[in-house]
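Enquirer: below is the structure, and that's it, no one-letter string:
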């Protein structure tokens, strides 16, 4: 059986492989709700609605939840923009860029901008955003589909780029497992070692900022809405959130911060906490609060920070070889209703859609899947999701064999060693 022969990859395949980008649409609408006109224009181009972006299969967003989300997103988006400008770097690299209007904002200031995200997000965001720029401003903007855990995809996206980079990250690591966090850190460390610049990360303390926003807007009802919002995001992304080492949780924030800082030091970074209140502009969302609530929120922002990271001296001496350096390849054979797969290299956001498209084309003939992982170097959440789709779709499920230490650790961290049959 010729692998991938005639298997078309459409938007539906991309969405099934990694639906986490749906939360980026939710974020865009929340930014528009805060009064951002460029975000509203993009929403209009994409035909996004409040119901479609904010509600999920189990939750309906309340007015209080929408107000708190708009407050959080405006705080995060506008503060990150200011920090990126102040960084002194030549180029802003937004990873993930989602559907936000930062390309429009930065091009308007003559700042070169590269937006990187999942191919599914870029396929929708790029034409919508570029349509709002004139020809001269378009020259300052590039969009690239990448997998943040895949160095080759990031390197290809930056091919020919000269100048120091300010890499900005908002709303990414909360969806990552520890193994994906390690791959992300190794890749960014390598990029900054090659180009110079810094990495500004909003994610570690974003849950604490959101809780502060909920307290300001909702008062004593904030915990009920916290749980509702968590369900909403999980529904939209179809992944467990906040399971890695770079996410601080409310009840264990102090210990989590020590863990996160130690983890980043191990990955070769020096970290500077940049207090939000020191850089946050006047916000329209704050002006909508009464005086006491606005004061409480502003006071809370004196506690929380974005994290600015640069490559440490020890990091420059560390091995930055790519995790899973082989190109992805696969072969398949169908015998007596069982598909025998041999996977090589990396099964991630860039390659998993090919596997899913092939399976969808042939699934009526497939009753079970047997995967030889001898030459598989790495598997991301997208790859695991495809295996889960196969597991649910085949009466005999998925069996995997000959896994190495890296794959074994990923399966254990994600609990997939209990879902799939490992021999």
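Expert: Sure thing, it's come through. This one's a predicted model, so the numbers in the text were calculated from it and none came from an experiment.
Enquirer: right, and the helix or strand after the longest strand seen in the chain?
Expert: Across the chain, the longest stretch assigned as strand under DSSP state E is strand 368-379. Note on strand 368-379: by DSSP states H and E, the next helix or strand toward the C-terminus is helix 381-393.
Enquirer: hey, where'd the helices end up in the stretch 101-250 of the chain?
Expert: 102-108, 119-130, 135-138, 151-157, 178-195, 206-218, 222-237 (DSSP state H, counting those that start in this stretch).
Enquirer: let's have those helices in CSV, adding mean pLDDT and mean neighbour count.
Expert: All C-beta spots, glycine's among them, are computed from the backbone N, C-alpha and C. Below are the helices of the stretch 101-250 of the chain laid out as CSV (pLDDT from 0 to 100; neighbours: other C-beta atoms under 10 Å):
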stretch, mean pLDDT, mean neighbour count
helix 102-108, 97, 22
helix 119-130, 93, 20
helix 135-138, 97, 12
helix 151-157, 94, 19
helix 178-195, 94, 21
helix 206-218, 84, 23
helix 222-237, 59, 18
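Enquirer: and those helices as a markdown table, adding distance to residue 62?
Expert: Listed next are the helices of the stretch 101-250 of the chain as a markdown table, based on distance: least, C-beta to C-beta, whole Å:
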| stretch | distance to residue 62 |
| --- | --- |
| helix 102-108 | 28 |
| helix 119-130 | 27 |
| helix 135-138 | 38 |
| helix 151-157 | 38 |
| helix 178-195 | 32 |
| helix 206-218 | 9 |
| helix 222-237 | 7 |
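Enquirer: so what strands line up beside the longest strand of the chain?
Expert: Paired neighbours of strand 368-379 in the sheet (DSSP bridges): strand 338-347 (parallel), strand 398-401 (parallel).
Enquirer: nearest to residue 277, out of the helices of the stretch 101-250 of the chain?
Expert: Residue 277 lies closest to helix 206-218 among these, at 11.1 Å (C-beta to C-beta).
Enquirer: so what's the residue count around residue 328?
Expert: The burial count assigned to residue 328 is 22, neighbours taken as other C-beta atoms under 10 Å.
Enquirer: so what's the closest residue to residue 129 other than its chain neighbours up against?
Expert: Spatially, and ignoring its direct neighbours in sequence, residue 129 is nearest to residue 103 (5.3 Å; C-beta to C-beta, 6 or more residues apart in numbering). By C-beta atoms under 8 Å, 6 or more residues apart in numbering, the contact list for residue 103 reads 94, 97, 113, 115, 129, 133, 141, 143.
Enquirer: got TSV for these, with distance to residue 162 too?
Expert: Below are the contacts of residue 103 laid out as TSV (distance: C-beta to C-beta, whole Å):
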residue	distance to residue 162
94	18
97	20
113	15
115	18
129	24
133	22
141	16
143	19
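Enquirer: just the closest of those to residue 163, please.
Expert: Closest to residue 163, out of all of the contacts of residue 103 and judged by C-beta to C-beta, is residue 113, at 12.1 Å.
Enquirer: the closest one: neighbour count?
Expert: Residues near residue 113, counting by other C-beta under 10 Å: 22.
Enquirer: mind naming the longest helix for the protein?
Expert: Criterion DSSP state H: the longest helix present in the chain is helix 63-86.
Enquirer: what angle sits between that helix and helix 206-218?
Expert: Following axes from the mean of the first three to the mean of the last three C-alpha atoms, to 10 degrees, one obtains 130 degrees for the angle between helix 63-86 and helix 206-218.
Enquirer: quick one: mean pLDDT for helix 63-86?
Expert: Average pLDDT, helix 63-86: 92.
Enquirer: next one: stretch 401-408
Expert: Regarding stretch 401-408, the rounded mean pLDDT is 92.
Enquirer: got the contact list for that stretch?
Expert: 179, 323, 370-374, 376-379, 411, 417, 422-423.
Enquirer: which of these scores worst on pLDDT?
Expert: For these, the least confident entry is residue 323, with 45.
Enquirer: could you chop this protein up by domain?
Expert: Domain assignment of the chain by automatic domain parsing yields the ranges 14-317, 324-422.
Enquirer: and the shortest one, how far from the chain's centre?
Expert: Averaging C-alpha positions (C-alpha atoms, centre = their mean, to the nearest Å) puts domain 324-422 22 Å from its chain's average.
Enquirer: again, but for stretch 272-284
Expert: With C-alpha atoms, centre = their mean, you get 22 Å for stretch 272-284.
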